[in-house]
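Chemist: Whatever this is, show me its structure:
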Amino acid sequence: MLDVSRLRVLLAVSRTGSLTAAAKALHYSQPSISHHLARLEAETGAKLIERAGRGIRLTEAGKLLADRAEEIVGRVDAAAEELAAHVGLRSGRVRLAAFPSALSTFVPSAAVSLSAGHPGLRLTLTETEPPEALRLLRAGRVDVAVIFRYDDTAPEEPGTGMTHLLDDPSYLVSLDGSSSLAAHAGSPWIGGCDRCRSHLLELCAEAGFEPSISFTSDDIVAVQALVAAGMGVTVLPGLALRAHRHPEVTLTEIPASTRHVYAATYGAPPLPPATAALLRALVESAG
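Modeler: Predicted coordinates for the structure are as follows:
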């Protein structure tokens with residue numbers, strides 16, 4: 001009987017054209033690739049690859065088997081996906097990446113809702129900012145990424161599905177209750193993550209000045225403590241202030257500075273049932 005793992009190796013060699021590239025694609029060592037091919041030749045009794053200058057190429061028998069391997073491996077993978085969809089809500093896991101203030105506000109209630117509806121489903125959480133969350137999503141290391149974007153944020157890559165969760169206003173955080181950013185044109189400023197800092201620079205530019213950023217931190221507790229100590233002013237989104245509010249700071253909502261929070265998924269629909277269940281729980285909790 002043919003071994004499906006070895007058929008995958010032959011298929012990778014056929015697609016990439018070399019043992020080295022096949023090893024990289026499958027995350028194998030090159031000796032492991034050679035071993036699998038040798039075992040496959042022993043199983044079939046046919047010579048499947050041959051030397052061609054400094055490289056290798058498939059023999060006619062190798063091409064024939066590679067063509068069949070594509071169909072076989074495709075059917076095995078499809079069967080695995082169908083089975084996962086069938087049992088996915090009774091067992092298994094679903095993986096979520098989210099930025100800190102989402103994890104400390106609506107994500108926990110979504111996790112509770114998901115657990116109540118699907119007690120056999122295990123949820124794993126990763127805290128990270130949107131650019132890294134999207135990289136994890138595209139790499140297949142998470143199933144859903146909760147991200148935020150501003151109106152001027154570059155669009156996500158093709159194939160990314162975006163489900164709107166909420167709109168999150170921004171606030172000027174200070175000690176004196178100033179009503180405008182321009183009132184602090186000469187004050188020291190405290191910046192946050194890269195995406196938030198870019199938004200801060202744009203808001204200040206629209207107000208007619210360039211802020212002097214004296215400190216940078218994405219820790220919302222530390223940032224508000226610095227403001228409370230008179231070390232500067234900052235801009236924070238509403239979710240961050242819902243997660244933690246220092247009693248001594250004052251807040252002023254900034255017009256037209258809303259960030260948009262989404263749950264991102266990757267790949268063509270329909271979503272796997274476990275991913276779809278998590279998405280529903282996030283929509284309900286964020287709403």
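
Chemist: residues touching the closest residue to L181 other than its chain neighbours, list them.
Modeler: Using C-beta to C-beta, 6 or more residues apart in numbering and skipping the chain neighbours, the partner closest in space to L181 is A207 (4.2 Å). For the C-beta atoms, the positions are set from N, CA and C on the backbone; glycine is no exception. Shown in contact with A207 (C-beta atoms under 8 Å, 6 or more residues apart in numbering): 180-182, 185.

Chemist: Need the nearest residue in space to S180, chain neighbours excluded.
Modeler: Setting aside the residues directly before and after it, S180 is nearest to A207 in space (C-beta to C-beta, 6+ apart), at 7.0 Å.

Chemist: Need the pLDDT of that neighbour.
Modeler: pLDDT recorded at A207 is 91.

Chemist: show me where pLDDT drops low in this structure?
Modeler: Within the chain, the ranges that satisfy pLDDT under 70 run 78, 81-82, 84-91.

Chemist: Quick one: which of the contacts of A207 is the most crowded by neighbours?
Modeler: Tallying neighbours with other C-beta atoms under 10 Å puts L181 at the head of those, with 24 neighbours.

Chemist: May I ask you to confirm that that one is in contact with I254?
Modeler: Yes. Counting by C-beta atoms under 8 Å, L181 touches I254, with 6.9 Å between them.

Chemist: Report the set of residues contacting both of those two.
Modeler: With C-beta under 8 Å, 6+ apart, L181 and I254 have common neighbours 172, 203, 235.

Chemist: and the second one, what is it in contact with?
Modeler: The reference is to L203. If you count contacts by C-beta under 8 Å, 6+ apart, then L203 has 170, 181, 235, 254, 257 around it.

Chemist: Which of these fall within helices?
Modeler: Within the contacts of L203, no residue falls in helices by DSSP state H.

Chemist: for these, which one is nearest S104?
Modeler: Distance to S104, by C-beta to C-beta, is smallest for S170 among the contacts of L203, at 17.4 Å.

Chemist: which non-adjacent residue is nearest that closest one?
Modeler: Computed as C-beta to C-beta, 6+ apart, the closest residue to S170 that is not its neighbour in sequence is S257, at 3.9 Å.

Chemist: What of V107?
Modeler: The shortest distance from V107 to any non-neighbouring residue, by C-beta to C-beta, 6+ apart, is to A98 (5.4 Å).

Chemist: Dig out what the one you found forms beta bridges with.
Modeler: In this structure, A98 bridges to E127, V146 when assessed by DSSP bridges.

Chemist: Isn't it up against V142?
Modeler: No. In this structure, A98 is not within contact of V142 by C-beta under 8 Å, at 9.3 Å.

Chemist: sorry, back to before: biggest separation within the contacts of L203, which pair?
Modeler: Using C-beta to C-beta, the two most remote members of those are S170 and L181, lying 10.3 Å apart.

Chemist: I am finished for the moment; much appreciated.
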